[in-house]
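Asks: predicted structure and sequence below. I'll ask about it afterward.
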Amino acid sequence: MATSELSCEVSEENCERREAFWAEWKDLTLSTRPEEGCSLHEEDTQRHETYHQQGQCQALVQCSPWLVMRMGILGRGLQEYQLPYQRVLPLPIFTPAKMGATKEEREDTPIQLQELLALETALGGQCVDRQEVAEITKQLPPVVPVSKPGALRRSLSRSMSQEAQRG
């Protein structure tokens, strides 16, 4: 199967505005393929001869940066398809508000965030399951201060050797 490709390259530069644009894409692909339903096969058993012929067609695919794709068989016309839009870069997750913007210039708060803020205001800033720090620290094991760094290592080694003796 023979294939020929034609690619395009466009570049522009505006030195005055310090802007540049460069694009390259595969514009045209022409490939030779076996044509379905167009083959000939003959066999002569007396002469022990066979003859096989397969029809070929030239498939043409043309793409453009405007998301238009044309496909078809050369000489039979092309079918045009509009491809769905696809962003090259990911969508920004967070866009900060302008720091010096006035209240009128800022965007409105999203509805979900407005509902969450209204709930916080209704609760008066209090959490229903709130616990004091003293209650939380009661549930934790007591903290034992270590006077010498080596003392802790010795006590651990003794307890491990005692466990080893016990089996």
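Replies: Happy to help now that I have it.
Asks: you'd agree Glu115 is in a helix?
Replies: Yes - under DSSP: H, G, I helix; E, B strand; the rest coil, Glu115 falls within a helix.
Asks: roughly how far apart are it and Ala20?
Replies: Taking C-beta to C-beta, to the nearest Å as the measure, Glu115 and Ala20 are separated by 46 Å. C-beta coordinates here come from the backbone N, C-alpha and C atoms, glycine included.
Asks: check Ser31 too.
Replies: Between Ser31 and Ala20 the computed distance is 34 Å (C-beta to C-beta).
Asks: these two: which has the busier surroundings?
Replies: It is Ser31, of Ser31 and Ala20, that has more neighbours when counted by other C-beta atoms under 10 Å, with 15 against 10.
Asks: residues in contact with the residue nearest to that one when sequence neighbours are not counted?
Replies: Nearest in space to Ser31, with sequence neighbours left out and distances taken as C-beta to C-beta, 6 or more residues apart in numbering, is Thr3 at 4.3 Å. Thr3 makes contact with 29-32 under the criterion C-beta atoms under 8 Å, 6 or more residues apart in numbering.
Asks: and what of Thr109?
Replies: For Thr109, counting by C-beta under 8 Å, 6+ apart, the contacting residues are Leu117.
Asks: where along this structure do the helices fall?
Replies: Taking DSSP state H as the criterion, the chain carries its helices at 111-123, 133-138, 149-166.
Asks: my read: Glu19 touches Ser11, true?
Replies: No - with contacts defined as C-beta atoms under 8 Å, Glu19 does not count as touching Ser11, sitting 11.7 Å away.
Asks: picking up where we left off before, list only buried entries from the contacts of Thr3.
Replies: Buried by 16 or more other C-beta atoms under 10 Å: Thr29, out of the contacts of Thr3.
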